[in-house]
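K.L.:
Predicted model and sequence follow; I will ask about them next.
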There are 2 protein chains.
Amino acid sequence: MREIDVIERIRARAPKTNLIRGIGDDCAVFRPRTGEDLVFTTDFLLESRHFERHTHRPADVGHKALARSLSDLAAMGSEPAFCLVSLAVPADIGSRWIDSFYTGLLALARKYQLALAGGDLARFNHIAVDVMCCGRVASGSAMLRSAAKPGEHVFVTGQLGTSALGFATQHGAAWRRHLHPQPRIEAGLTLRKRGVRACLDLSDGLSLDLHRLCLESHVGAELDAAQLPIARGASLEHALDGGEDYELLFTAPPSLKIPARIGQVPVTSIGTITRAHPGRVLLDGRQLEPHGFDHFANPDS
Amino acid sequence: MREIDVIERIRARAPKTNLIRGIGDDCAVFRPRTGEDLVFTTDFLLESRHFERHTHRPADVGHKALARSLSDLAAMGSEPAFCLVSLAVPADIGSRWIDSFYTGLLALARKYQLALAGGDLARFNHIAVDVMCCGRVASGSAMLRSAAKPGEHVFVTGQLGTSALGFATQHGAAWRRHLHPQPRIEAGLTLRKRGVRACLDLSDGLSLDLHRLCLESHVGAELDAAQLPIARGASLEHALDGGEDYELLFTAPPSLKIPARIGQVPVTSIGTITRAHPGRVLLDGRQLEPHGFDHFANPDS
């Protein structure tokens, strides 16, 4: 298997929307529109760390690697533009695995007219994927972690704890959701256009991610446990500290009308932004510790 | 060591030129100028694959990880804008290694006013780095692999085989050059502004990279062995098939005046583009096989 053959096969399948030049050169070439900002994110998906080869089929790995980055684009309220995919695989991984990986990734890319602009391909001792995504947004309108203000309401899309429940049980709808997270691109676009300014995606758990939003905005928050949209079968701990829900967490002033659903996705008010010490979050009046998943502090998980 | 502490330390040191929003949000936010194209590339640098921990100090790893991507920006003739850095390290790698890695990377970034816009940080069983770089170029002017035309002269910057010689001997100037490749950003900018249209960087060896340029341009090429600027001490094989020289290989019509040096970097004419079968390269009249380094075909190297 030669690099050039693998790349030619990927290239033949890669969507090229919006690109002046895609796969096949030293760099991809992209022409921005006037009056737009571009947003950029990159996320690892690592074997034995974020997935296991015996539980995740190659198409699942491709889907999830892209979904993680698309979820960050959703949090900014941006429209997906293109991605770069870096893939390293051990010598026992053949072209069939690689083709299936791209089948999963490209199915999700097509859903959002996302171009595959390039990437890298290498041999390594474990599977390592790094996906960079670029999104576009009207200048100055990207939703930020730092824009939450005291008095605003706190909302989440979808349900909480689904992915942690799925990971714990490894079967049923929650497990399928863990394997196939759905980035909230449409919800992010809708919220931004309605005037929402502060948002992030729930990748590491509500307790840690809300703490991060509050730190960046120099505010605190109070949550009402009874209002949390906990997934059926999930525990409060799954909902608070479970990672990989990839729902959107956002804030909005009381004057802004937030719909109860966006498409099929419910939107729930769960609390309020306060003037408390930056980063301090209360749940039913008691301090909520940021116990969500820290990829760096927990080397064994 | 918590992720947030590591990220805060990186954030405090990160250059922010040109960014609306850098490290600390779900995405970085970048505002393009009117009338420019953006170019994007990403490159892995993997332990035991592209470097060894016992020969490469952490600052060398940081330098090289960024230099590989900057070399791709140079090949397009682009001005560096920003980078995203994904870094995965084993549990026995502490904050000192990570700080030194960023010292090496940021020293090179500062040289080119390159912003560090974000990235990812994770635990893994081996060190894996993936660096995405974005460059800017006047609309429609990026140098491409596909733009070479029959009758044009073939040129290279610098000397050939230095990195392969350094890798073989592991001492002296060639070894230092192997550890610290210098991306040819100034040369790329100068060549593009002078009207050069076809270029790529020599990352996998002249024989393979020229073959690739010819394939993309649907042309052949003829090289004159006597003209090759072979590094002192290097063999013809080092010069033809050795990777990681990170020099620029470009073509120009005879009517275009190409300077003999750009800054301190010599520029040498080494052959001609022909109407031969696409990808076919002759050296002194005999077919030159593309033996350069294929990262994917040679799982053990």
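P.N.:
That came in fine, so what should we check first?

K.L.:
And the residue nearest the centre of chain A?
P.N.:
A:S71 (2.6 Å; Cα atoms, centre = their mean).

K.L.:
contacting residues for that residue?
P.N.:
The contact partners of A:S71, by Cβ atoms under 8 Å, 6 or more residues apart in numbering or on different chains, come to A:P181, A:P183, A:R184, A:D201, A:S203, A:Y246. Every C-beta, even on glycine, is put in place using the N, C-alpha and C of the backbone.

K.L.:
Looking at these, which is nearest B:S86?
P.N.:
A:S203 (14.9 Å; Cβ to Cβ).

K.L.:
Could you count how many residues lie near that closest one?
P.N.:
23 (other Cβ atoms under 10 Å in any protein chain shown).

K.L.:
Same check on the one 5 residues further on?
P.N.:
Applying other Cβ under 10 Å, we find 24 residues neighbouring A:L208.

K.L.:
Nearest residue to it in space, please, no chain neighbours.
P.N.:
A:G292 (2.7 Å; Cβ to Cβ, 6 or more residues apart in numbering or on different chains).

K.L.:
Surely the one you found touches A:G243?
P.N.:
Yes - counting by Cβ atoms under 8 Å, A:G292 touches A:G243, with 6.1 Å between them.

K.L.:
Find residues that contact each of these two.
P.N.:
A:D204, A:G205.

K.L.:
related to what we said a few turns ago, need the pLDDT of the residue nearest to A:L208.
P.N.:
On the pLDDT scale, A:G292 is placed at 75.

K.L.:
Identify the residues contacting it.
P.N.:
Contacts of A:G292 by Cβ under 8 Å, 6+ apart are A:D204, A:G205, A:L206, A:S207, A:L208, A:D209, A:H211, A:L240, A:D241, A:G242, A:G243.

K.L.:
ok, back up a step: what are the phi and psi values at the residue nearest to the centre of chain A?
P.N.:
With angles defined as degrees, to the nearest 10, A:S71 sits at phi -60, psi -30.

K.L.:
And it, what's its pLDDT?
P.N.:
Reported pLDDT for A:S71: 98.

K.L.:
Distance check, it against A:C214.
P.N.:
As judged by Cβ to Cβ, to the nearest Å, A:S71 and A:C214 stand 20 Å apart.

K.L.:
Do a quick rundown of the helices in chain A.
P.N.:
A:3-13, A:58-76, A:95-111, A:162-169, A:172-179, A:185-193, A:206-217, A:236-241 (DSSP state H).

K.L.:
now, of those helices, which is deepest in the fold?
P.N.:
helix A:58-76 (a mean of 27; mean count of other Cβ atoms under 10 Å in any protein chain shown).

K.L.:
Mind listing residues that contact the helix or strand bottoming out on mean pLDDT in chain A?
P.N.:
Within chain A, no helix or strand scores below helix A:3-13, which has a mean of 87 by mean pLDDT, DSSP states H and E. The list of residues contacting helix A:3-13 from outside it, by Cβ under 8 Å, 6+ apart, reads A:22-24, A:95, A:98-99, A:102, A:106, A:116, A:121, B:212, B:294-297.

K.L.:
tell me the angle that helix makes with helix B:206-217.
P.N.:
20 degrees (axes from the mean of the first three to the mean of the last three Cα atoms, to 10 degrees).

K.L.:
Could you find the closest non-adjacent residue to A:L179?
P.N.:
Using Cβ to Cβ, 6+ apart, the closest residue to A:L179 is A:D60 (4.8 Å).

K.L.:
ugh, wrong one, A:V89
P.N.:
Using Cβ to Cβ, 6+ apart, the nearest residue to A:V89 is A:I127, at 5.4 Å.
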